[in-house]
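Peer 1: predicted structure and sequence below. I'll ask about it afterward.
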Amino acid sequence: MRLREAIHGHCSRGENRLTIRIPRRLPGRRQIAWFAVDPPDEGRRAFEEREFSVSSCTDQDLTDPAFLAGLTGVIFTQESEKPLKIAEHIRTYARRILNHDCQLILRPGSEQLSRKPSIVLNTIDRLHLWTTGFSREEIATLRWQGPRGSIPPPPHALFFRLEFPWTVVANAVAENPAGPAPNRDLKINDIVLDDEARLLIQRAFWDCADINLVKTTEGHSGATVYHAHAELTAGVHGPWPQPYFVKIGKRAKILTEYTKYEQHVDPYIPFHLGPQLEPERCCLGATQGIIVGDFVEESEDLLDCACEGRAAAAIACLFDRTLQGWHRAARKDGTSIAERFTQWFPKAIGNDRFECARTLGAQRSLADLQTLFQRCDSKPVFVGPIHGDLHAANVRVRATDAIVIDFFRHGCNLPLLYDAACLEASLLVDGFRQDNRDITEWMSSLRVLYDESLLDGTLPHVSPKNQSCWFHTCVRQIRRYARQWECRNLQYAGALGLALLQKAVKDKDALDLEGSRRAAAYVLAEQVLSIAFGFVADSHRTVTQPQ
């Protein structure tokens, strides 16, 4: 099943307020099979009335890709005489069935098994399968922290107690038709993929003869992103459509990101300033999922643009145009920066990283810095929808347009200042990757940006000969917008201190200059938090000793 159909079908049952899905009828995938038993007369009749072909199937059938390609669902019956047998069947075949976009239907063979489905439930729990049909009390016993309290989108396992007639079972399957079968003839270039990821690509590009995947990044959600060129089997205007981006990752995270695209990105981000998904190519498997969208051609990431001194216009576009649809929803809220981000504050820093930071001048522990951060308690704060992971690599630049990507960490009712702080911290740590200056010299060229200028809002100009001049220009532009979102003094200082510390503790194995820059981010975060909250600034930005 296509991911959009799955979500909209799910929402049409009252879980959310999205548009109602119209099911696509896909010829060739209208077969229901009972595993290892003959279909009961009532069950056969219910499915045949809905234009399904009904049969029984064997072990050999469920290992045959051609047979699975025609299936919409497989029914496992728990036998009263051998109730444990179904656990073996689920362990052997469930993931394969779901990865082929088939529904897995589980049916007890007696009233006792219907009332106490512990064997089926425990097996599903151990396999981490998405499921529906169990009571809230039964779901609460699961050790796996999967989706709870709602109907997950297909494909998933459906448990139907005996109290439900076969007509209900047949309706549930008919309302969620299978998507196109995997294209086993699809030629994929020589790239390492596990079996489920390969099947997802074969399903997503079912109408293609060839696809070339080039790995670009590994997202912060743990998903892997590829740049893809596909060759259509029967393209109207030739075999070569525009290139795609392909993102493969854990099912729950892919579903979360897809839903954010549907509800929060498409309606509010201008179409030319955000990637557009290809809903017909987005789908889910047993444990993974895939998102496919148009690739932002002829663009560069903001890091490359910034280092050459060409980022000012793109940063202005980012906040003035790209994210404007979100910022229109901003409002004042009575929760402070510290209260909003308590859970986001880093828990620990590696010993080697901290020792490097001490060498560069750090004097306070992470716990001490958290105490300072908690003093960022001024209210109100401007909150609204934010990107949540607005590092420079998630901003693509084409001419002067700023195009945002990767919305997994998008959040609502969060301080707008965090996006600005996240972008500044990213440019600081990642933007100097080609800069080979001694770390002490590098830091001295930046310290002026993290001293009292944060209190009074002034940023002195630096010599154009300074190798960090481009960064000063970017910071000047970012803080223009940050000042607009400050309801009270020093709120940006709190957000910036947090963002710098988050960069400082990440990638603990980073070597050489990158590791040193991350340690330097710790030092600068300490400087920011100490200046802003080691003292108390009044409404006139006059610094006084704490009472």
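Peer 2: Happy to help now that I have it.
Peer 1: for the record, mean pLDDT for the lengthiest strand in the chain?
Peer 2: Criterion DSSP state E: the longest strand present in the chain is strand 208-218. If you average the pLDDT over strand 208-218, you get 88.
Peer 1: in it, what's buried?
Peer 2: 208, 210, 211, 212, 213, 216, 217 (16 or more other C-beta atoms under 10 Å). Heads up, the C-betas are built off the backbone N, CA and C, glycines and all.
Peer 1: gap between the two ends of stretch 406-422?
Peer 2: In stretch 406-422, first residue to last residue: 14 Å (C-alpha to C-alpha, to the nearest Å).
Peer 1: figure out how far it is from the centre of its chain.
Peer 2: Remark: stretch 406-422 is offset 13 Å from the chain centroid, using C-alpha atoms, centre = their mean, to the nearest Å.
Peer 1: residue 134 touches residue 121, doesn't it?
Peer 2: Yes - applying C-beta atoms under 8 Å, one finds residue 134 in contact with residue 121, separated by 6.1 Å.
Peer 1: pLDDT-wise, which helix or strand of the protein ranks last?
Peer 2: Ranked by mean pLDDT, DSSP states H and E, the helix or strand of the chain with the weakest confidence is strand 543-544, at a mean of 34.
Peer 1: quick one: the helices in the stretch 251-400 of the chain?
Peer 2: According to DSSP state H, counting those that start in this stretch, the stretch 251-400 of the chain carries its helices in the segments 251-260, 302-307, 312-317, 324-327, 337-340, 351-359, 366-373.
Peer 1: longest helix in this protein, please.
Peer 2: The longest helix of the chain (DSSP state H) is helix 512-533.
Peer 1: what's the angle between that helix and helix 351-359?
Peer 2: Between helix 512-533 and helix 351-359, the angle comes out at 60 degrees (axes from the mean of the first three to the mean of the last three C-alpha atoms, to 10 degrees).
Peer 1: what touches both of residue 134 and residue 121?
Peer 2: Counting by C-beta atoms under 8 Å, 6 or more residues apart in numbering, the contacts common to residue 134 and residue 121 are residue 159.
Peer 1: show me the domain layout of this protein.
Peer 2: Following automatic domain parsing, one gets these domains for the chain: 3-21+28-174, 187-294, 300-538.
Peer 1: could I get these in TSV, plus columns for distance to residue 180?
Peer 2: Shown next, in TSV, are the domains of the chain (distance: least, C-beta to C-beta, whole Å):
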stretch	distance to residue 180
domain 3-21+28-174	8
domain 187-294	4
domain 300-538	26
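Peer 1: show me the contacts for residue 235.
Peer 2: By C-beta under 8 Å, 6+ apart, the neighbours of residue 235 are residue 241.
Peer 1: likewise for residue 462?
Peer 2: Residue 462 neighbours (C-beta under 8 Å, 6+ apart): 445, 448, 468, 469, 472.
Peer 1: tell me which stretches of the stretch 1-150 of the chain form strands.
Peer 2: 31-35, 53-57, 71-78, 103-108, 131-132 (DSSP state E, counting those that start in this stretch).
Peer 1: nearest to residue 283, of those?
Peer 2: strand 103-108 (13.9 Å; C-beta to C-beta).
Peer 1: chain center to the closest one, what's the gap?
Peer 2: 30 Å.
Peer 1: given it, what are its sheet partners and their directions?
Peer 2: Strand 103-108 pairs in its sheet with strand 71-78 (parallel), strand 157-159 (parallel), by DSSP bridges.
Peer 1: reformat those as CSV; add distance to residue 92 and mean neighbour count.
Peer 2: Below are these laid out as CSV (distance: least, C-beta to C-beta, whole Å; neighbours: other C-beta atoms under 10 Å):
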stretch, distance to residue 92, mean neighbour count
strand 71-78, 11, 24
strand 157-159, 14, 23
